[in-house]
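Enquirer: Predicted model, plus sequence, below.
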Amino acid sequence: MSLQMQFVKCILCVILYIAVCFFLLKIKHSSYLIQYPVSLFLVKYNQTKQEYSVSQSNIKSINLEIELLEHDEMKGESINLQESATILQQISNVCMKYNLRTPLIKRHFLYNSEHKSMYCWIRKIASTSFTKLFADMKNRPPTRNYYKEVDSLTVRSLKELQLLSNNTKIFKLLVVRHPFQRLVSSYRDRIADNSKYTAQAWIYTEKIFRLTRPELFHSNITTGNFQQKVFTSDKRLKIVPTFEEFLVWLLQSSEKDDVHWTQYYSHCAVCNIRYNYVLKLDDYTYRQINYIFSKFGLDKNKVYFTTLGETQGGHTNFDTTCKYFANLTQDTVLKLHEKYKIDLEMYNYNVNYYMNCANKKF
């Protein structure tokens, strides 16, 4: 009987020991989750979404930005912490994956010292709205052309920009949209809209037609020379290149891209600047805009801010873009993917939807 009792006691001791060990491990694991919730989320995300592993040093590279996002969330400022942290981490991952180094270009950044805010403008991504906002923050007089305001709103020197880019007290904003939607928007506004003169139509139409319509350069007394055939006296287009013709030129051009269709990562030095927040224009909410206002130190009730994405020719959304892609081959879409693959990967933009648009009848 005593042997049976001793055996039972041994069994109970073993069970108790296992239970205590399990309990201690549970506490340790829980405390780890509490301390590093975002980092664990990001590791899990990248294990499923990326084809390469994320090193611990890479996770630490944006720890400060994540801490600032957590602080904002705790203050009650409306923000999707995981979504914001994921975008920042994805930018860091892609920079490391391709070993990218992107130069700082002073004129691409607007800065306000009083509001401790910095913003990189990208044409056709609400750049006019945000430039106007920075002009208002500096009490600049109203103007019809905010493109001319850039030089008065930027930093004084490249050295100052370098210092500010790493200053954790400066809120740094980046705004993006799907590169294909932006490309169509740029074509519609800067090439296809012949109700006005644009520098892009004046500069690039000749280069486009040299590839796609060389017959236009054959002059005679009846039709005149190329300029007379294609342009009006005030430099507006008589003959507009199609979107397909525009892409034929763009995909083979070896010259530096225009700011209306250059890649985001190089234009805004995303691998050299520690951005605090990335706004995706495709599906933004007013809560996100209000969050940006709060970081700019602005009262949302006293600021006039136009609806983002609206242009004179109408909003270029997925449906509009898909119609322009309907006349493209899938091979052309793949070439566009190759040209903008870093931007597409950085911000988790899908190209498959646009592949389905190619050669689709409307």
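Expert: Great, that's in hand.
Enquirer: Quick one: the helices in the stretch 51-200 of the chain, in order.
Expert: For the stretch 51-200 of the chain, applying DSSP state H, counting those that start in this stretch gives helices covering 56-60, 63-74, 81-97, 127-137, 150-153, 158-165, 179-187, 199-212.
Enquirer: what sits up against the shortest one?
Expert: Here helix 150-153 makes contact (C-beta atoms under 8 Å, 6 or more residues apart in numbering) with 107, 110-112, 121, 131, 134-135, 138, 140. For the C-beta atoms, the positions are set from N, CA and C on the backbone; glycine is no exception.
Enquirer: Output these in JSON lines; the columns should cover distance to D189.
Expert: Shown next, in JSON lines, are the contacts of helix 150-153 (distance: C-beta to C-beta, whole Å):
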{"residue": "R107", "distance to D189": "21"}
{"residue": "L110", "distance to D189": "21"}
{"residue": "Y111", "distance to D189": "26"}
{"residue": "N112", "distance to D189": "27"}
{"residue": "W121", "distance to D189": "15"}
{"residue": "T131", "distance to D189": "16"}
{"residue": "F134", "distance to D189": "21"}
{"residue": "A135", "distance to D189": "21"}
{"residue": "K138", "distance to D189": "26"}
{"residue": "R140", "distance to D189": "24"}
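Enquirer: List buried residues within those residues.
Expert: Buried by 16 or more other C-beta atoms under 10 Å: 110-112, 121, 131, 134-135, 138, out of these.
Enquirer: which of those sit farthest apart?
Expert: W121 and K138 (14.8 Å; C-beta to C-beta).
Enquirer: Quickly note the distance from K256 to T262.
Expert: Noted for K256: a distance of 8 Å to T262, by C-beta to C-beta, to the nearest Å.
Enquirer: Look at the two and report which has more neighbours.
Expert: Taking neighbours as other C-beta atoms under 10 Å, K256 and T262 compare with T262 leading, 16 against 8.
Enquirer: and the more buried one, what does it touch?
Expert: T262 is in contact with K256, counting by C-beta under 8 Å, 6+ apart.
Enquirer: Got the confidence number for it?
Expert: pLDDT, T262: 97.
Enquirer: Just the ones of the contacts of helix 150-153 in strands?
Expert: Within the contacts of helix 150-153, residues falling in strands by DSSP state E are 110-112.
Enquirer: Distance to I91 added to these, as TSV?
Expert: Shown next, in TSV, are the ones in strands among the contacts of helix 150-153 (distance: C-beta to C-beta, whole Å):
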residue	distance to I91
L110	20
Y111	21
N112	23
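Enquirer: out of these, who's nearest R188?
Expert: L110 (25.1 Å).
Enquirer: The closest one and N63: what is the separation?
Expert: 27 Å.
Enquirer: If you count neighbours, what's buried in stretch 135-144?
Expert: Residues of stretch 135-144 classed as buried: 135, 137-138 (neighbour count, 16+ other C-beta under 10 Å).
Enquirer: I'd like the average pLDDT over it.
Expert: If you average the pLDDT over stretch 135-144, you get 84.
Enquirer: got it, and stretch 215-224?
Expert: Mean pLDDT, stretch 215-224: 86.
Enquirer: list the buried ones in it?
Expert: Neighbour-count burial for stretch 215-224 [16+ other C-beta under 10 Å]: L216.
Enquirer: Repeat that for stretch 238-251.
Expert: Within stretch 238-251, the residues that count as buried by 16+ other C-beta under 10 Å are 240-241, 243, 245-250.
Enquirer: Give me the contacts around that stretch.
Expert: Applying C-beta under 8 Å, 6+ apart, the external contacts of stretch 238-251 come out as 184, 187, 191-192, 194, 204-205, 207-209, 211-213, 216, 229-232, 261, 324, 327-328, 332, 335-336, 339.
Enquirer: Cool, thanks, talk later.
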